[in-house]
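A.B. asks: my questions are about this predicted structure, shown below with the sequence.
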Amino acid sequence: MTNQLIKVLSHRTFLFLSMTYEQFRETIGASAPPSSVSGHLKALWYDANDDWEQSHNIIQDIDDADAAWIHAYLHRKEGDIGNADYWYRRAGRKRPSVSLEQEWEHIVATLIEN
């Protein structure tokens, strides 16, 4: 395997450890996010638990397209559309017209499925 392929596989393979979307949703409201999930999913967990600041603190330190997508979502939720659009561009995406809840669900499902 090439180093580039290993990097891609390690990023996608270890975003979570055998957790379904439904299982992840069931952890919302617990005292802490599941230890087996990636920083990406931890950020989304904190957001779902009304801790935007902690979510933002986690995701701003991760430098990849998925993190940029989450970063965009967070700024959209905050109401800072200009900043959100910047992060959507960095993620290679357009700002969606769906609700924030629907976007959150889509991001989580995408991360878990990949």
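C.D. replies: Perfect, I can see it now.
A.B. asks: so, low pLDDT: which residues of this structure?
C.D. replies: The chain contains residues with pLDDT under 70 at 1-17.
A.B. asks: could you redo the last one with a cut-off of 90?
C.D. replies: Low-confidence segments of the chain (pLDDT under 90): 1-19, 35-36, 113-114.
A.B. asks: tell me the buried residues in the helix or strand hosting residue 23?
C.D. replies: With secondary structure defined by DSSP states H and E, residue 23 is part of helix 21-26. Under the neighbour-count criterion of 16 or more other CB atoms under 10 Å, helix 21-26 has residue 24 buried. All C-beta spots, glycine's among them, are computed from the backbone N, C-alpha and C.
A.B. asks: for the closest residue to residue 48 other than its chain neighbours, helix, strand, or coil?
C.D. replies: Nearest-residue entry for residue 48: residue 28, 4.7 Å, with adjacent residues in sequence omitted and distances by CB to CB, 6 or more residues apart in numbering. Put simply, residue 28 is coil when judged by DSSP: H, G, I helix; E, B strand; the rest coil.
A.B. asks: thought residue 49 was touching residue 27?
C.D. replies: No. Counting by CB atoms under 8 Å, residue 49 stays clear of residue 27, with 9.5 Å between them.
A.B. asks: neighbours of residue 30, how many?
C.D. replies: 10 (other CB atoms under 10 Å).
A.B. asks: and it, its phi and psi?
C.D. replies: The phi/psi pair for residue 30 (degrees, to the nearest 10) reads phi -70, psi 170.
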